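**Student:** below is the sequence, then the predicted model.
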2 protein chains.
Amino acid sequence: MKATELKDFSHLCVHTITTKPWTVEQAMEKYQAAGIKGISVWRDALEGRNISQTGDRIRTHGLEIVSLVRGGFFAAADAAGRQKSIEDNLRCIEEAALLGSPLIVLVCGAAIGQPLQVSRIQIKEGIEAVLPAAAKAGVKLAIEPLQPMYADTRSAINTLRQANDLAITFDSPFLGVAVDVYHVWWDPDLEKEIRRSAAHNCLFAFHVCDWLTPTRDMLNDRGLMGEGCIPLKEIREWMESAGFKGFNEVEIFSNRYWATDQDEFLEKIKEAYLQHV
Amino acid sequence: MKATELKDFSHLCVHTITTKPWTVEQAMEKYQAAGIKGISVWRDALEGRNISQTGDRIRTHGLEIVSLVRGGFFAAADAAGRQKSIEDNLRCIEEAALLGSPLIVLVCGAAIGQPLQVSRIQIKEGIEAVLPAAAKAGVKLAIEPLQPMYADTRSAINTLRQANDLAITFDSPFLGVAVDVYHVWWDPDLEKEIRRSAAHNCLFAFHVCDWLTPTRDMLNDRGLMGEGCIPLKEIREWMESAGFKGFNEVEIFSNRYWATDQDEFLEKIKEAYLQHV
């Protein structure tokens, strides 16, 4: 099966972080004007706002809220740190409910100097602690595996297989995974794990961008789709043939693009989306 | 089982690249004076030398040549590029034989813009093309899986499982793997794959350094052992309990350390080796 070409923006979602220089109010106006249909909201974009009203305002702009980004960071060296993280995740679930976001993306965390095995147990315990609140609020949680180069501080969950293993263990309709091509494109098990995830109804989200050569900054030098080596169409085909029908979310951290005119950048995103995703 | 503490330098090997500012002649003198017993020689260090005489000279310094670094880079967009790579690997095998190195480390390659699956097939074909020459020369080849952040240009082999799969397929005493902690420390399958590799007599080499937080350069900002988050003692324990009896090879690419006094750096390596490996 070959994925159908994308011909419109009905499945295009943009993360507010992608156009970081814009406030969430600017973002919703600009995305609407651009004909974009989905938005994933980063929590920092909500600071100082009435979250419920912001959610309503986003919807009046014809935008579907795809996810709230991000919860997680469950690993911590001491119990107080882990408790603080759980409380923050409970707040995040409240925020998602207020915003009207059906999903929270989890960057699961890693505590520097702590064995990854220990962080992985803490992540499991953290999810266990917050999942009932998520279910009660009707908010899904998506475990996002992160590229192994982030295993030191950001996530001890580094492959889709690990994310699936964890999600499947809980066997809850409120826990699944987020597939971000930047993190998993290299994985020889990717196609298989996408299918496995779908078979367990865990395939919750799909994030796109590209991997640049050379990558000049390990966090904020992601490429626009088509600028790098990630086989985007192939991975989207795997997602869709596994049954995924959600948004294609553009999540680009880029010092380079953030320094440019964001209107022009959004146009580039639309072009790149049709051509390369 | 807990790995025994390292009490001397009988299993310490240093890669010439680690002390890149030194010529191979300086390196062999300095390593000998420091009581180091093993050296892995990078090919660039041999440029302009009589390789056979250089090998003899290294041995008269009481140093065991552990490996020649590096062959590989089998992936290329066109047949001419792949043929060139095979010829270079055949030259590398000749150089190893002349030097008296029992082993060549393979960084397998990736061709930018080419699907990883295609690069992986080319890597297999490349190894197939050169393995008979290696066997004839009595030189072993070690497939080194590289951290996935190098999948764009350096290697489409990114986990020890992949390296083992490839090595085991050939079922040759001249093909195995090199475990470099920098590339594989994050992998939840690491211990299992080390055991699997050993069970197939494929566990040929062990490289140590550390992962720095933050990492400021994706290639040349490796840490000295103990400066980062890699569980070195645990991984060495896995290697040794699997039966590995070879050298612990210090391979550090570091703009930071290369800019310092190399005599002092070598002393730091020795201290870090006893304390953290």
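**Tutor:** Thanks, I have it. Residues are numbered from 1 along each chain as shown, chains lettered A, B, ... in the order given.

**Student:** who's the residue nearest the centre of chain A bridged to?
**Tutor:** When C-alpha atoms, centre = their mean is applied to chain A, the residue found nearest the centroid is residue A:105 (5.1 Å). Here residue A:105 sits in beta bridges with residue A:69, residue A:142, going by DSSP bridges.

**Student:** pLDDT wise, what is it at?
**Tutor:** At residue A:105, the predicted lDDT confidence score is 98.

**Student:** hmm, it is touching residue A:206, no?
**Tutor:** No - the pair residue A:105 / residue A:206 is not scored as a contact, 11.3 Å apart, by C-beta atoms under 8 Å. The C-beta positions use only the backbone N, C-alpha and C, and glycine is treated the same way.

**Student:** pull up the overlap in contacts between these two.
**Tutor:** residue A:178 (C-beta atoms under 8 Å, 6 or more residues apart in numbering or on different chains).

**Student:** quick check: residues of chain A near chain B?
**Tutor:** Residues of chain A found near chain B (C-beta under 8 Å from any C-beta of the partner chain) are A:112-113, A:115-116, A:120, A:147-149, A:151-153, A:158-159, A:162, A:185-188, A:211, A:213-215, A:218, A:228-229, A:231, A:234.

**Student:** among those residues, name the ones in helices.
**Tutor:** A:116, A:120, A:162, A:234 (DSSP state H).

**Student:** out of those residues, who has the most neighbours?
**Tutor:** residue A:116 (24 neighbours; other C-beta atoms under 10 Å in any protein chain shown).

**Student:** any idea what sits nearest that residue, other than its immediate chain neighbours?
**Tutor:** The shortest distance from residue A:116 to any non-neighbouring residue, by C-beta to C-beta, 6 or more residues apart in numbering or on different chains, is to residue A:156 (4.5 Å).

**Student:** the one you found touches residue A:76, doesn't it?
**Tutor:** No - proximity of residue A:156 to residue A:76 does not meet the contact threshold set by C-beta under 8 Å, at 11.9 Å.

**Student:** which neighbours do the two have in common?
**Tutor:** Common neighbours of residue A:156 and residue A:76 (C-beta under 8 Å, 6+ apart) are residue A:109.

**Student:** comparing the two, which shows the higher neighbour count?
**Tutor:** Neighbour totals were compared for residue A:156 and residue A:76, and residue A:156 leads with 30 against 20 (other C-beta under 10 Å).

**Student:** and the pLDDT at that one?
**Tutor:** Reading off the model, residue A:156 has pLDDT 98.

**Student:** repeat that for residue A:1.
**Tutor:** 53.

**Student:** cool, and the one 3 residues further on?
**Tutor:** pLDDT recorded at residue A:4 is 83.

**Student:** confirm it sits in a helix?
**Tutor:** No - according to DSSP: H, G, I helix; E, B strand; the rest coil, residue A:4 belongs to no helix; its state is coil.

**Student:** so the closest residue to it other than its chain neighbours is in which element?
**Tutor:** Nearest residue to residue A:4, sequence neighbours excluded (C-beta to C-beta, 6+ apart): residue A:240, at 7.9 Å. Secondary structure from DSSP states H and E places residue A:240 in helix A:232-241.

**Student:** same check, this time on residue A:54
**Tutor:** With DSSP H and E as criterion, residue A:54 is part of helix A:51-60.

**Student:** could I get the buried residue list for that helix?
**Tutor:** Judged by neighbour count (16 or more other C-beta atoms under 10 Å in any protein chain shown), helix A:51-60 contains these buried residues: A:51, A:54, A:55, A:57, A:58.

**Student:** same check, this time on stretch A:260-272
**Tutor:** Quick answer for stretch A:260-272 (16+ other C-beta under 10 Å): A:262, A:265, A:266, A:268, A:269, A:270, A:272.
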